[in-house]
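Engineer: turn this into a structure:
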Amino acid sequence: MPTEGMVWLGGGTFLMGSDDHYPEEAPAHRETVASFWVDALAVTNDDFSLFVDATGHVTLAEQAPEAADYPGADAGLLTPASIVFRKPRHRVDMRDHLNWWALVPGADWRHPQGPRSSIRGRGRHPVVHVAYADAEAYARWAGKDLPSEAEWEYAARGGLDGATYAWGEAYTPGGRHLANTWQGEFPIQDHRLDGFEGTAPVGSFPANGYGVHDMIGNVWEWTADWYASHQAPAHPCCAGTGPRREASFDPAIPEARIPRRVMKGGSHLCAPNYCRRYRPAARMAQAVDTSTCHLGFRCVLRPRAAGAGGPGEP
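Structural biologist: The predicted structure follows:
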């Protein structure tokens, strides 16, 4: 069944975005989506392994960048690599995200912290270090698509139209943590009050009102939409560095060299003192040639296009 492990959403109109938080989320506006299926869980290491075994796919992080694509880049950085969070040992200048992000040679989906790490025993964790093309290739292989930003946010809200969080208005209702985020002083101390440091196995937290898990926290998720905003982000909480991690702009802008897509949902690195993007309305731009240790994805299936009917569908 192509829809196994997916949740049927009947579509509708909802309040998308927010006027109350980061400027790139504004303006809040009504948006309508058609019916679709959405993965109940993010794509896991086990899922991605099946795809790689079946297709021989090699992720972008496993390939050396072409020097011609990055003129002027340090030749020493033109090696297979991906971006990894490194916890500082002491307080750092919060204005410089390079104090905790590092381009690590040998980091990829099989080696999330670098070449000496592995995903052994982490099959149910969300796959990370996947660039946009990698996520798109998986979705195509699975006979699905990546969600639009509107579809993703509709699914994340779980029917709570306009609510701040996917579960209501309180970040931790009754003191209970409902998503894998950072508790403590980012980036130096995570108290792990939610039970996890780093990624958590998918489904570790309760589903939202639609029966979808982990739309908030754990890992950011790719969407199919090009990033567009009339306002700059308050600060680039999730930027990276390196030859294939340079700043990029919307493809509609002539000087853009590396286009960006929208990522949604926040991650286990989002913290109240720095990146409060553990909300359905939150959004960030991500260069399509960039992979990181806190960015994954899930898929959708649009029934009329795919010929797969949902409940009540012909």
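Engineer: what ranges do the helices span in the protein?
Structural biologist: 45-55, 132-141, 149-157, 303-306 (DSSP state H).
Engineer: just checking, Asn45 touches His129?
Structural biologist: No - between Asn45 and His129 there is no contact under CB atoms under 8 Å: 10.4 Å. Where you see a C-beta, it was placed from the backbone N, CA and C, and this is true even at glycine.
Engineer: tell me which of these two has more neighbours.
Structural biologist: When neighbours are counted by other CB atoms under 10 Å, Asn45 and His129 differ, and His129 comes out ahead with 28 against 23.
Engineer: that one: what's it in contact with?
Structural biologist: The contact partners of His129, taken as CB atoms under 8 Å, 6 or more residues apart in numbering, are Thr59, Ala61, Ser82, Ala107, Asp108, Trp109, Pro112, Ser291, Thr292, Cys293, Leu295.
Engineer: can you redo the residues you listed as JSON lines with neighbour count, pLDDT and distance to His268?
Structural biologist: Listed next are the contacts of His129 as JSON lines, based on neighbours: other CB atoms under 10 Å; pLDDT from 0 to 100; distance: CB to CB, whole Å:
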{"residue": "Thr59", "neighbour count": "23", "pLDDT": "98", "distance to His268": "21"}
{"residue": "Ala61", "neighbour count": "26", "pLDDT": "98", "distance to His268": "19"}
{"residue": "Ser82", "neighbour count": "32", "pLDDT": "97", "distance to His268": "17"}
{"residue": "Ala107", "neighbour count": "26", "pLDDT": "98", "distance to His268": "17"}
{"residue": "Asp108", "neighbour count": "25", "pLDDT": "98", "distance to His268": "19"}
{"residue": "Trp109", "neighbour count": "22", "pLDDT": "98", "distance to His268": "17"}
{"residue": "Pro112", "neighbour count": "24", "pLDDT": "98", "distance to His268": "12"}
{"residue": "Ser291", "neighbour count": "29", "pLDDT": "98", "distance to His268": "16"}
{"residue": "Thr292", "neighbour count": "29", "pLDDT": "98", "distance to His268": "12"}
{"residue": "Cys293", "neighbour count": "28", "pLDDT": "98", "distance to His268": "10"}
{"residue": "Leu295", "neighbour count": "28", "pLDDT": "98", "distance to His268": "11"}
